[in-house]
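Student: Structure for this input, please:
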Amino acid sequence: MDSSFFNFLLIAGAVQGFIFNGFTLFSKKKVDKVIIFLNLTVFFLSLNSLQAWLIAKDFRFDIFFLRQFLVPWYMFIMPMFYMFLIHYLKIQDKVRGFVQFSIVLFVIELIARTICILNTSESEVAPIKMYTSIEELINAAFSIFLFYKCVLIIFKESKLLDFIVDYDDIKWLKLFLVLGGFVLGFWVLAIVFNTYFDDTRAYYPLRLATSVLLYWIGYQGTSRYTLVHDRILLRGKLAALKPETTEKVISNEEKTLSEKHQQEFDQIANYILAKQRFLDAKLSLEQLSDELEISSGHLSKLINTCSEHNFSDYINSLRVVQAKELLKDDDFDNYTIVAIGLECGFNSRSTFYTAFKKFTNLTPSEFRKTY
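Tutor: Residues are numbered from 1 along each chain as shown. A predicted model of the protein is given here:
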C-alpha cells in the first residue's frame with residue numbers, strides 16, 4: 001500500500017486526537033484525574049503521530065542538532081494508560097504508580113540523545129541510529145512491563161475490582177488489553193525489522209493499529225467513565241431517598257385476595273420498598289423468596305394476583321416510578337439518562353427504555369423533555 005495513505009492517516013489521527021483533547025477538557029463535565037490521564041494517553045499518541053508524519057514528509061530543520069533530536073513521546077503512552085486504569089478502577093492507593101519513573105526516564109533519554117548528537121558529526125550518523133534503537137528497546141520493555149501489570153490487574157487480581165464491578169463489567173477493558181497485546185507484538189516485530197533489515201515500513205501498520213486502538217479507548221473510556229461517575233453519585237443520592245416515592249404503584253391495586261393474603265402482599269411490597277430491593281439489577285424471584293422465607297410459587301402467585309403483573313414486570317414498574325422521579329427532578333439534570341436507568345435497577349439501556357416505554361408510553365428522553 002502506498003506510504004502516502006499511511007501518512008495521511010497519521011496526520012488525520014493526530015488532528016483527531018488533539019480535537020478529542022480539546023473537546024473533553026473544555027466540556028462542562030468535571031475533569032478529574034481519570035479523564036486527565038486518559039487525555040494524556042491520547043495526547044502523547046497524537047504528538048508521536050505528528051512527529052512521525054513530519055519525518056515521513058521529510059520535514060527538515062537546517063540545524064543538524066534539531067534534525068536529529070527526536071522526542072520519544074510514545075514512551076508516555078503506556079504509563080498514562082496505566083494511571084488511567086488504576087484511577088478508573090479506584091485502586092490507585094493499592095498499587096504503585098509509575099509516573100515519576102516515566103518522567104525521570106524521559107529526561108534521561110533526552111539528555112542521552114543530546115550528548116549523542118553533540119558527539120556525532122553530520123557525515124556519520126550511525127551512532128545516533130544505534131542510540132535510537134537502544135532507546136526504543138528500553139521503552140518497549142518498559143511498556144510491555146506496564147502492559148503486563150495491567151493484564152494482571154484485570155484478569156488475575158479480581159479482589160482489586162470489587163468496587164468497579166458494581167458499576168461496570170469492564171468487558172471493554174478486557175477487549176482492549178487483548179487487542180493491545182497484538183499491537184505490542186507488532187511493535188516488537190517492527191523493531192526487529194528496523195534494526196536488522198533497516199526497513200521502517202513495518203512501523204506503518206503498527207502506527208495505524210495503535211492509533212485506532214487508542215482513539216477507541218479514548219472515546220470509550222470517556223463515555224464509560226462518565227456513566228460510572230454518574231452512577232456512583234446517583235447511588236449515594238438514591239440511598240438517601242425515601243422509599244415512599246414508589247408506593248403509589250401499589251396504592252390503587254384491587255384487593256382480590258383474602259384480607260390475610262392482601263396483608264401478606266403488603267408486607268412483601270413494603271419490604272421491597274423499604275430495602276430498595278428493586279434497585280438490585282440481579283434481583284430474582286428465587287432470591288427474594290429466600291430473603292422473605294416463603295416459597296417462590298406462593299410469592300409469584302401473590303404478586304401476579306395483587307399487582308396484576310408478573311414478578312419481572314412488577315419490579316420493573318417500581319424501577320420506572322423511581323426513574324420518573326429522578327428524571328423530573330432538576331437536581332438530576334446533569335446525570336445521563338442511561339446512568340439513571342442503571343441505578344434504578346435495570347441491567348442495560350435497552351431493557352430500561354423498553355420497560356419505560358411499556359409503563360409510560362414515552363421514552364425516557366421524551367419524558368425528561370416533557371418535564
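Student: What pLDDT is listed against the one residue sitting closest to the centre of the chain?
Tutor: By Cα atoms, centre = their mean, the chain has its centre lying nearest to residue 221, at 3.1 Å. If you check residue 221, the pLDDT there is 88.
Student: and it, what does it touch?
Tutor: By Cβ atoms under 8 Å, 6 or more residues apart in numbering, the contact set of residue 221 is 38, 84, 88. Where C-beta positions appear, they are placed from N, C-alpha and C, glycine not excepted.
Student: give me that answer again for 10 Å
Tutor: 24, 34-35, 37-39, 41-42, 81, 84-85, 88, 172-173, 176, 214 (Cβ atoms under 10 Å, 6 or more residues apart in numbering).
Student: low pLDDT regions in the chain?
Tutor: Scanning the chain with the threshold set as pLDDT under 70 gives 1-2, 28-30, 239-259, 261.
Student: would you list every one of the helices in the stretch 151-300 of the chain?
Tutor: For the stretch 151-300 of the chain, the helices defined by DSSP state H, counting those that start in this stretch occupy 171-197, 203-240, 248-251, 259-274, 285-292, 296-307.
Student: Of the contacts of residue 221, grab the buried ones for PyMOL.
Tutor: The PyMOL selection below is limited to those of these classed as buried (16 or more other Cβ atoms under 10 Å):
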select buried, resi 24+34+35+37+38+39+41+42+81+84+85+88+173+176+214
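Student: out of the contacts of residue 221, who's nearest residue 342?
Tutor: For the contacts of residue 221, the closest approach to residue 342 (Cβ to Cβ) belongs to residue 172, at 15.2 Å.
Student: What sits closest to that closest one if chain neighbours are left out?
Tutor: residue 220 (5.6 Å; Cβ to Cβ, 6 or more residues apart in numbering).
Student: so who does the one you found touch?
Tutor: For residue 220, the contact set (Cβ under 10 Å, 6+ apart) comprises 38, 172-173, 175-176.
Student: what's the closest of the helices of the stretch 151-300 of the chain to residue 163?
Tutor: helix 203-240 (9.2 Å).
Student: so how far is the closest one from its chain's centroid?
Tutor: Centroid displacement of helix 203-240 relative to its chain, using Cα atoms, centre = their mean, to the nearest Å, is 3 Å.
Student: repeat for stretch 285-304
Tutor: Centroid separation between stretch 285-304 and its chain, computed with Cα atoms, centre = their mean, is 37 Å.
Student: repeat for stretch 147-164
Tutor: For stretch 147-164, the separation from the chain centroid amounts to 14 Å (computed by Cα atoms, centre = their mean).
Student: Any idea how far apart the tips of that stretch sit?
Tutor: Stretch 147-164 has its terminal residues 20 Å apart, counting by Cα to Cα, to the nearest Å.
Student: Identify the residues contacting that stretch?
Tutor: If you take Cβ under 10 Å, 6+ apart as the criterion, stretch 147-164 is touched by 78, 81-82, 84-86, 88-91, 94-96, 98, 165, 168, 170, 173-174, 176-178, 180-181, 183-184, 228, 232.
Student: cool, and stretch 98-110?
Tutor: Residues contacting stretch 98-110 (Cβ under 10 Å, 6+ apart): 37, 40, 69-73, 75-76, 78-80, 82-83, 86, 131, 134-135, 138-139, 142, 145-146, 149.
Student: Burial check on residue 315, number of neighbours?
Tutor: Using other Cβ atoms under 10 Å, residue 315 has 24 neighbouring residues.
Student: Verify the stated contact: it with residue 282.
Tutor: No - using Cβ atoms under 10 Å, residue 315 makes no contact with residue 282, being 11.3 Å away.
Student: Buried residues in stretch 43-50, which are they?
Tutor: For stretch 43-50, burial by neighbour count (16+ other Cβ under 10 Å) applies to 43-50.
Student: Which stretch among the helices of the stretch 151-300 of the chain approaches residue 4 most closely?
Tutor: Shortest distance between residue 4 and the helices of the stretch 151-300 of the chain, using Cβ to Cβ, is found for helix 203-240: 10.7 Å.
Student: For that closest one, list every residue counted as buried.
Tutor: Of the residues in helix 203-240, those buried (16+ other Cβ under 10 Å) are 203-204, 206-211, 213-215, 217-218, 221-222, 224-232, 234, 238.
Student: Type out the PyMOL command that picks the buried ones from the contacts of stretch 98-110.
Tutor: Here is the PyMOL selection string for the buried members of the contacts of stretch 98-110, based on 16+ other Cβ under 10 Å:
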select buried, resi 37+40+70+72+73+75+76+78+79+80+82+83+86+131+135+139+142+146+149
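Student: Dump the helices of the stretch 151-300 of the chain into JSON lines; add distance to residue 157 as well.
Tutor: Shown next, in JSON lines, are these (distance: least, Cβ to Cβ, whole Å):
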{"stretch": "helix 171-197", "distance to residue 157": "13"}
{"stretch": "helix 203-240", "distance to residue 157": "19"}
{"stretch": "helix 248-251", "distance to residue 157": "42"}
{"stretch": "helix 259-274", "distance to residue 157": "35"}
{"stretch": "helix 285-292", "distance to residue 157": "28"}
{"stretch": "helix 296-307", "distance to residue 157": "37"}
